[in-house]
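Student: Here is a sequence together with a model predicted from it:
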Amino acid sequence: MRALAEVCHARGIPLMTDDAWGLDHAFCSRLPMSSLEAGADLTIGSVHKTLSGLCQTSVMSIQGDRIDSGRLQLAFELEQSTSASSVLLASIDAARREFQRDGERLLGHAIDLAAVLRERIEALPGLDLFRDDRAGEPGIHAMDPTHVSFDVTGLGLTGFSAADWLREHHGIHVELADHRRLMVLVTYADDEAGVARLLVALRELGGAHVDADCGDIPDVPRPQDLRMETVMLPREAFLGATELVPWREAPGRISAEMICPYPPGVPVVAPGERLTEAVVDYFQQLAAAGVMVEGAVDESLAHLRVVAR
Ligand SMILES: Cc1ncc(COP(=O)(O)O)c(C=O)c1O
């Protein structure tokens, strides 16, 4: 991020970062460098994700003079509610105070606990831990040790089905699942008993799926294979006359909805783009794997909302 900041700043461009999961980095020396420290000019982070805020407590931070704070304020007020919630503001301030005072210890506890969990997961057959020695590989500068990710396909399961099984049989709700992996987040509020309970559940998960077959796990297509042509203004496509068509009939039609699988939470399609065979096939693979989808009228993706002919 420091290098990105240097490139941006050499050209007079501010660097803005999505710090949704990284707000805690500023409060503990054992976590990766925070983006503000690395030179970002504006960051947005979720206090409810890795600190102790109530849900919907996200904060925007700016530093330096590349961001015009007066203009930012104007833009912010375009979207802001006139009824600020004192509960949410107080929650942000309480979290800030708690971690400013005691972050090193609180987050250090989470890191120690996560290290125990990592070590035990490595010893479980069928689970392939995403190890922190991968830092330095292309695209990986540093690892946040509290995000414990592991591939479960060695058990013959997708991440989605493993997450469902853990919820159903052990009442354990993982932070994130995708077609291959689970990610459990160890926070300052977890304890040894919680980690032990998770390990029991993971051991049973393995035992219950000795001969499981997760079928073909779709490869995530390359971004260039998902590129589409924008043939209409998004506004016109979204607000104009639309119809729902079965997915088989969708290639060639203009999308009138945003379709955003989560994870990764990045829209694949925006209104106004002409759907291609490759994208529609990818959606069907996602739907078959049980991916959560945001933005689509029919979240099963059996029908797609397109511009009417
Ligand atoms: C990478 C990333 N950015 C942004 C967000 C949205 O943050 P918030 O929950 O504060 O709206 C999320 C939420 O999951 C996220 O994972």
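Tutor: Looks like it came in fine.

Student: tally of neighbours for the residue nearest to residue 140 when sequence neighbours are not counted?
Tutor: Leaving aside its sequence neighbours, residue 140 sits nearest to residue 134 (Cβ to Cβ, 6 or more residues apart in numbering; 5.3 Å). In this view, the C-beta of every residue, glycine as well, is placed from N, C-alpha and C. Using other Cβ atoms under 10 Å, residue 134 has 10 neighbouring residues.

Student: do residue 267 as well
Tutor: 14.

Student: repeat for residue 286
Tutor: Neighbour count of residue 286, defined by other Cβ under 10 Å: 19.

Student: Which residue comes closest to the residue of the stretch 151-300 of the chain found nearest the ligand once chain neighbours are left out?
Tutor: Ranked by Cβ to the nearest ligand atom, the top residue of the stretch 151-300 of the chain for proximity to the ligand is residue 265, at 5.4 Å. Residue nearest to residue 265 in three dimensions, not counting chain neighbours: residue 294, with 7.6 Å by Cβ to Cβ, 6+ apart.

Student: same question, residue 277
Tutor: Nearest residue to residue 277, sequence neighbours excluded (Cβ to Cβ, 6+ apart): residue 251, at 4.5 Å.

Student: count of neighbours near the one you found?
Tutor: Other residues lying near residue 251 total 15 when counted by other Cβ under 10 Å.

Student: Quick check: it is in a helix.
Tutor: No. Residue 251 is assigned coil when assessed by DSSP: H, G, I helix; E, B strand; the rest coil, not a helix.

Student: contacting residues around it?
Tutor: When contacts are counted by Cβ atoms under 8 Å, 6 or more residues apart in numbering, residue 251 is found next to 275-277, 280.

Student: Mind checking which of those are in helices?
Tutor: Using DSSP state H, the members of the contacts of residue 251 that fall in helices are 277, 280.

Student: Please spell out the ChimeraX selection for the buried subset of the contacts of residue 251.
Tutor: Listed next is the ChimeraX selection for buried residues among those, using 16 or more other Cβ atoms under 10 Å:
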select :275,276,280
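
Student: Tell me the residues of this structure that contact the ligand?
Tutor: Counting by Cβ under 6 Å from any ligand atom, the residues of the chain close to the ligand are 18, 20, 46, 58, 265.

Student: Make TSV from those and add pLDDT and neighbour count to it.
Tutor: TSV is the format used below for the residues of the chain next to the ligand (pLDDT from 0 to 100; neighbours: other Cβ atoms under 10 Å):
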residue	pLDDT	neighbour count
18	93	12
20	93	15
46	96	19
58	95	17
265	83	12
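
Student: nearest to residue 165, of these?
Tutor: The nearest member of these to residue 165, counting by Cβ to Cβ, is residue 265 at 23.3 Å.

Student: Just give the nearest non-adjacent residue to residue 88, would you?
Tutor: residue 57 (5.3 Å).

Student: So the one you found versus residue 10, what's the distance?
Tutor: In this view, residue 57 and residue 10 are 35 Å apart by Cβ to Cβ, to the nearest Å.

Student: So which of those two has more stuff around it?
Tutor: Using other Cβ under 10 Å as the criterion, residue 57 and residue 10 rank with residue 57 on top: 24 against 8.

Student: That one contacts residue 49, correct?
Tutor: No. In this structure, residue 57 is not within contact of residue 49 by Cβ atoms under 8 Å, at 9.5 Å.

Student: Filter the residues of the chain next to the ligand down to just the ones in strands.
Tutor: The strands, defined by DSSP state E, take in 18, 46, 58 from the residues of the chain next to the ligand.

Student: show me what contacts the second one?
Tutor: If I follow you right, that is residue 46. Contacts were defined as Cβ under 8 Å, 6+ apart; by that measure residue 46 touches 20-21, 23, 53, 57-58.

Student: which residues does it bridge with?
Tutor: Per DSSP bridges, residues listed as beta-bridge partners of residue 46: residue 58.

Student: Low-confidence ranges, this protein, go.
Tutor: Along the chain, the parts satisfying pLDDT under 70 run over 214-216, 218.

Student: which residues in it form helices?
Tutor: Applying DSSP H to the chain gives helices spanning 2-10, 47-50, 69-79, 86-122, 159-170, 192-208, 234-239, 277-289.

Student: Highest mean neighbour count across these, which stretch is it?
Tutor: Highest mean neighbour count among the helices of the chain (mean count of other Cβ atoms under 10 Å): helix 47-50, with a mean of 22.

Student: And the contacts of that helix?
Tutor: 20-24, 53-59, 91-92, 95-96, 146, 185, 187.

Student: now with 10 Å?
Tutor: With Cβ atoms under 10 Å, 6 or more residues apart in numbering as the test, helix 47-50 has contacts from 19-25, 27, 31, 53-59, 88, 91-96, 99, 107, 110, 144, 146-147, 175, 185, 187-188.
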